[in-house]
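> The sequence and its predicted three-dimensional model are supplied below.
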Amino acid sequence: MNPFADLTGIDHPIVQGPFGGGLSTVDLLATVSDGGGLGSYGAHILDGQAIVELVAACRARTHRPFNINLWVPQPGEPATFTAADTDRLQPYYTELGIEPPREIAAPDYAGQLAAVLDAAPPVASFVMGIPDPGFLAAARERGIVTIGTATTVEEAIAVQAAGMDAVVASGSDAGGHRGAFLRPVQESLVGTFSLIPQVARVVSIPVVAAGGIADARTVAAALLLGAHAVQIGTGFLVTEQSGASTAHRTALRSPAARTTVLTRLFSGRTARGIANRFTREMGAFEADVPAYPAQNALMAPIRATAAHRGDPDLLNLWSGQAAALATGTDAGAYLAELTARLPDSARATC
């Protein structure tokens, strides 16, 4: 019996990590869900109508359970940026021949939550905080399974206390944005294989391990330590079904992926990615850049142009610390490889 597989209605305890910023695709989600795992889509930049349309598109592609992921807003995040913030990045705007943005397009979180309730995806997951009790109660009434993300034991306890159905124990070796919400990120950096058994000891809801898991051996290790399922990001990001650019995939498969860094430079929220020219040149300004969504807006044209040009030096190359273990190119084949040696106890009961 596997509590997480039974809760979500999936066959195998494998969750595809949700990617934001255009890296998620319906194709990847459907491939993983059809293969018996839980496909995911990072929807934090979408407005309410786009989320409704996304859920409809997912249902048209797969009849299996899938997950829509959102970010919880952080207190005090700026709605504007200053001239100094723009000037700091002007050399890169000039190099790429682009203009800096003039305004910030911040997501309407309330509208996103309303859309999730309206569209009712099978699963809704959250990072960087816990949705309000009213939303969680309404989601429960609609049969939506809710999953919170914890980077520490205290956060896992808070997720369970809020009444969420499962918790992702996200270790510091995970790629992409960190989900810390009770303490600063610097005080919430616990390695995955230290975090799993501690979280499993104190909560009774299913635990999903994330970070540093990319092959069958690390899946088995996470389950042995008390996780009921694993969430894999980088391993699926490198597959052809993801929305990652060619430059990003190439970097993930290169020796450069052995060196990752936690940085606020690309979005204003801390995330783990491959160190490159931009993170090295701008590293001295980590404490100076504005918070999300201001820095995210300032960097959007730089990221988009770099991706279009195939320039990894100015891209946000999100990656976990186990990228070298991510060898799959097709998401379906990769999922099958991960699940081939799972014990029967790791699968759903029916």
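On my side now, so go ahead.
> Can you mark which positions in the longest helix along the chain are buried?
When the chain is scanned for its longest helix (criterion: DSSP state H), the result is helix 294-309. Neighbour-count burial for helix 294-309, counted by 16 or more other Cβ atoms under 10 Å, picks out 294-303, 305-307. For glycine as for every other residue, the C-beta is placed from the backbone atoms N, C-alpha and C.
> Tell me which two in the residues you listed are the farthest apart.
A294 and A307 (20.8 Å; Cβ to Cβ).
> any idea how far stretch 265-277 is from the chain center?
Counting by Cα atoms, centre = their mean, to the nearest Å, stretch 265-277 is centred 14 Å from the centre of its parent chain.
> swap in stretch 80-87?
Once both centres are worked out by Cα atoms, centre = their mean, stretch 80-87 turns out to sit 28 Å from its chain's centre.
> Below-threshold pLDDT in the stretch 151-300 of the chain: ranges please.
Applying pLDDT under 70 to the stretch 151-300 of the chain flags no residue at all.
> Okay, helices next: where are they in it?
Taking DSSP state H, counting those that start in this stretch as the criterion, the stretch 151-300 of the chain contains helices spanning 153-161, 192-202, 216-224, 234-237, 246-252, 277-281, 294-309.
> export the third one as CSV, just CAs?
To tie it back to what came earlier, the one meant is helix 216-224. Extracted in CSV, the C-alpha atoms of helix 216-224 (Å, rounded to 0.1, in the frame of the first residue of the first chain):
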residue,chain,number,x,y,z
ALA,A,216,16.3,4.5,-9.7
ARG,A,217,18.9,4.4,-7.0
THR,A,218,18.0,7.8,-5.5
VAL,A,219,14.3,7.0,-5.8
ALA,A,220,14.9,3.8,-3.8
ALA,A,221,16.9,5.7,-1.2
ALA,A,222,14.2,8.3,-0.7
LEU,A,223,11.5,5.6,-0.2
LEU,A,224,13.8,3.7,2.2
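> that older thread, okay, the helices of the stretch 151-300 of the chain, which one's buried deepest?
Highest mean neighbour count of these: helix 234-237, a mean of 30 (counted as mean count of other Cβ atoms under 10 Å).
> got the contact list for that one?
Outside helix 234-237, the residues within contact range by Cβ atoms under 8 Å, 6 or more residues apart in numbering are 16-17, 19, 23, 28, 32, 175, 213-215, 242, 244, 248-249, 252, 318-320, 322-323, 325-326, 328, 331, 334, 338.
> which ones among those residues are found in strands?
Q16 (DSSP state E).
> State the number of residues packed around D87.
For D87, the neighbour count with other Cβ atoms under 10 Å is 11.
> Check the gap between it and T94 for me.
Counting by Cβ to Cβ, to the nearest Å, the gap from D87 to T94 is 11 Å.
> Could you do S188 as well?
With distances taken as Cβ to Cβ, S188 is found 37 Å from T94.
> So between those two, which is more surrounded?
Taking neighbours as other Cβ under 10 Å, S188 and T94 compare with S188 leading, 20 against 10.
> The more buried one contacts V153, doesn't it?
No. Applying Cβ atoms under 8 Å, one finds S188 not in contact with V153, separated by 10.3 Å.
> any shared contact partners between D87 and T94?
Here D87 and T94 share no contacting residue, scored by Cβ under 8 Å, 6+ apart.
> Pairing partners for T149 in the sheet, please.
Listed by DSSP bridges, the beta-bridge partners for T149 are V168.
> what sits against it?
With contacts defined as Cβ under 8 Å, 6+ apart, T149 is in contact with S125, F126, V127, M128, E155, V159, V167, V168, S170, G179, A210.
> Can you give me the distance of the first one to A209?
Think S125. Here the criterion is Cβ to Cβ. By it, S125 lies 14 Å from A209.
> So these two - more neighbours on which side?
The neighbour comparison of S125 against A209 (other Cβ under 10 Å) goes to A209, with 33 against 27.
> Just list the residues touching the more buried one, thanks.
Residues in contact with A209 (Cβ under 8 Å, 6+ apart) are V168, A169, G171, T192, L195, I196, A222, L225, A227, A229, V230, Q231.
> okay, these in CSV with distance to R272 next?
As requested, the contacts of A209 are exported to CSV (distance: Cβ to Cβ, whole Å):
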residue, distance to R272
V168, 15
A169, 16
G171, 10
T192, 12
L195, 15
I196, 18
A222, 18
L225, 21
A227, 20
A229, 21
V230, 17
Q231, 15
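> and which of these is nearest to A110?
Comparing the contacts of A209 against A110 with Cβ to Cβ places V168 closest, at 23.5 Å.
> Tally up the residues packed near that closest one, please.
V168, neighbours per other Cβ under 10 Å, totals 30.
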